[in-house]
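Visitor: Sequence first, then the predicted structure:
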Amino acid sequence: MSSETPHPLRSANSPRLKGRVKVPGDKSISHRALMFGAMALGETVITGLLEGEDVINTAKAMAALGVRLERWNDDASWHVNGVGLGGFQPPAQTIDFGNSGTGARLAMGLLATSPLSARMSGDASLRSRPMGRIVTPLEGFGTRFDTSDGGRMPLTLHGAQHPVPIEYRLPVASAQVKSAVLLAGLNAPGATTVIEPEPTRDHTERMLQGFGADIDIGQADDGARTITVTGHTELQAQVVEVPGDPSSAAFALVAAIISDDSEVTVENMLLNETRTGLIVTLEEMGGDITVANERVSGGEPVADVTARSSGLSGIVVPAARAPSMIDEYPVLAVAAAFADGTTRLQGLHELRVKESDRLAAVAAGLKANGVAHDTGDDWLEVTGGRVAGGGTVITHLDHRIAMAFLVMGLASDEPVTVDDGNVMATSFPGFREFMEGLGARFEDAG
């Protein structure tokens with residue numbers, strides 16, 4: 001989160017949102033590009049990197065491990081001089097990952113099979129989030145952890161001196177756990193295999209292939225997906241172009257759908273099928289969405305996506321879709337607030353352990369703005385229609401809660417206020433200016 005004093009922000013009804021825009025680079029790919037470049041031999045050049053706080057903290061973490069990184073101002077490219085497998089240096093101080101669970105958890109995998117010790121921490125939100133799901137499989141390599149109460153940060157990682165490969169079946173769908181195990185396997189002898197009963201985002205596998213890792217993707221007897229890396233194959237530096245983040249694009253697309261007389265196109269947006277759950281869901285609800293200029297960039301499918309004002313209807317969103325849209329549920333709940341009928345969102349248990357308890361935060365935001373809803377441990381029902389607005393939403397230092405409810409205010413009867421707009425810099429620096437460029441009405445509320 002931003003360290004600045006909280007800055008309340010308000011959005012007001014804004015018809016006729018128009019424009020062609022590009023959103024910041026995909027956060028998941030940005031984290032991985034920095035880390036893979038740090039491990040590779042040679043200089044990796046990254047364009048389109050998301051320069052939000054989470055990713056910048058990952059860059060600082062790589063620097064703390066002895067990696068030389070440089071940002072070239074003339075083209076905003078990042079140049080990463082890798083140290084090779086096992087080449088990380090022990091950090092002199094605690095590595096601070098800020099608000100980034102992705103950065104912290106992937107780095108734990110990155111360091112698990114390096115013979116060093118590293119102390120890792122983050123902000124209050126990250127320190128409250130469970131790390132046991134990462135610690136358990138990494139201990140199988142021979143890594144030791146000294147964690148805080150409840151298996152949380154701050155923690156000290158003691159990398160395995162003599163790592164052994166493992167086979168690990170994911171108990172719950174998690175791209176972060178899968179990625180941490182695969183990254184640890186890169187510096188362990190022999191084959192490390194992750195068995196994935198439910199598909200999760202596959203950016204790690206795609207990028208490992210691009211960097212020259214010895215990786216094989218197959219299928220287990222029960223139909224589960226298997227990903228195997230054979231260790232001690234050096235990665236080779238690459239040129240990486242980061243596509244637009246679909247989780248960031250979601251706010252502009254939903255804003256166009258729920259606002260009158262609006263049409264917004266997001267160019268160069270990532271359309272990896274493990275990340276398109278929101279697009280599929282909005283189309284099922286009646287959203288007018290078109291996809292054009294489809295192409296492949298850096299091994300990832302990208303396209304230009306256009307959303308137009310639409311009348312939405314409530315649907316049941318299956319739990320199996322959750323991994324492909326886990327970060328988009330707050331803004332989907334906002335879209336559901338404007339849909340005719342009831343929308344039921346299922347399989348939301350992962351939202352309980354995000355930057356905030358996102359399920360509780362979404363429910364509270366809906367209540368504050370007069371939207372009928374009901375919720376349980378892992379589900380949310382939203383009864384939509386006209387949204388009164390007029391409420392103040394507590395963001396709990398969560399960037400996606402802030403942005404989602406600012407989108408709500410663009411189509412509600414009365415303005416919607418969030419208690420802190422600064423937190424949006426975590427993943428979307430300049431969100432206010434970006435939306436105002438489309439015609440959105442924002443004002444300081446402090």
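Guide: Ah, there it is.

Visitor: what separates Gly277 from Pro318, distance-wise?
Guide: The gap separating Gly277 from Pro318 is 10 Å, by C-beta to C-beta, to the nearest Å. All C-beta spots, glycine's among them, are computed from the backbone N, C-alpha and C.

Visitor: isn't Ile227 right next to Ala191, touching?
Guide: No. Using C-beta atoms under 8 Å, Ile227 is not in contact with Ala191; the gap is 10.7 Å.

Visitor: who does the residue nearest to Gly212 when sequence neighbours are not counted bridge with?
Guide: Closest residue in space to Gly212, ignoring its immediate chain neighbours: Gln236 at 4.5 Å, by C-beta to C-beta, 6 or more residues apart in numbering. Under DSSP bridges, the beta-bridge partners of Gln236 are Leu41.

Visitor: Look at Gln236 and say how many residues are nearby.
Guide: Residues contacting Gln236 under the criterion other C-beta atoms under 10 Å number 14.

Visitor: Over to Ile394?
Guide: Using other C-beta under 10 Å, Ile394 has 17 neighbouring residues.

Visitor: Quick check: the residue nearest to Gly212 vs Leu85, distance?
Guide: Distance from Gln236 to Leu85, by C-beta to C-beta: 12 Å.

Visitor: Same question for Glu328.
Guide: In this view, Glu328 and Leu85 are 35 Å apart by C-beta to C-beta.

Visitor: of these two, who's got more company?
Guide: Each of Glu328 and Leu85 has its neighbours counted (other C-beta under 10 Å); Glu328 has more, 26 against 19.

Visitor: That one and Ala250 touch, don't they?
Guide: Yes. Glu328 is in contact with Ala250 according to C-beta under 8 Å; the separation is 4.8 Å.

Visitor: who touches both of those two?
Guide: Counting by C-beta atoms under 8 Å, 6 or more residues apart in numbering, the contacts common to Glu328 and Ala250 are Leu278.

Visitor: wait, isn't Glu284 in contact with Ile315?
Guide: Yes. Here Glu284 reaches Ile315: they are 5.3 Å apart, a contact under C-beta under 8 Å.

Visitor: Look at those two and report which has more neighbours.
Guide: Between Glu284 and Ile315, counted using other C-beta under 10 Å, Ile315 has the larger neighbour count: 17 against 14.

Visitor: Contact partners for that one?
Guide: 281, 284-285, 343-344.

Visitor: quick one: it and Asp374, what's the gap?
Guide: For Ile315, the distance to Asp374 - C-beta to C-beta - is 16 Å.

Visitor: related to what we said a few turns ago, can I get the buried part of the contacts of Ile315 as one PyMOL selection?
Guide: Those of the contacts of Ile315 that count as buried under 16 or more other C-beta atoms under 10 Å are selected in PyMOL with:
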select buried, resi 281+285+343
